[in-house]
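Trainee: Sharing a model that was predicted from the sequence below.
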Amino acid sequence: MAQRSMLLAYILWLFLGQLGVHRFYTGYTGGAIAQLILGVVGWATTWILIGWIPLTILFIWLFIDLFLIPGMCRNPR
């Protein structure tokens, strides 16, 4: 499979990262679905305060993805 654009992956991470779109783009579908679920459930339940738990996990994961994106673009699935 061809390499993915790293610039586009970072743009997707910046604007749509909470929905896992950068992972969908690079072919890491399992992680993308997990990030999508964490984001939707987290934001939907913030009003009862429990949503901050999945959002914290998601934000840590997104920070780690900041460093993983180059590898995901070089080796897409």
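Mentor: Thanks, I have the structure now.

Trainee: going forward, measure contacts between C-alpha atoms and count neighbours the same way
Mentor: Noted.

Trainee: Touching, residue 72 and residue 29? I think so.
Mentor: No: counting by CA atoms under 8 Å, no contact exists between residue 72 and residue 29, whose distance comes to 11.6 Å.

Trainee: Any stretches of the protein with poor pLDDT?
Mentor: 1 (pLDDT under 70).

Trainee: Helices along that one, start to end?
Mentor: Counting by DSSP state H, the chain has helices at residues 6-16, 21-26, 29-44, 52-74.

Trainee: Once you drop chain neighbours, what's closest to residue 57?
Mentor: residue 38 (7.9 Å; CA to CA, 6 or more residues apart in numbering).

Trainee: so what's the one you found up against?
Mentor: 54-55, 57-58 (CA atoms under 8 Å, 6 or more residues apart in numbering).

Trainee: Leaving out chain neighbours, which residue sits closest to residue 41?
Mentor: Nearest to residue 41 is residue 51, by CA to CA, 6+ apart, at 6.7 Å.

Trainee: contacting residues around the one you found?
Mentor: Contact analysis of residue 51 by CA under 8 Å, 6+ apart lists 41-45.
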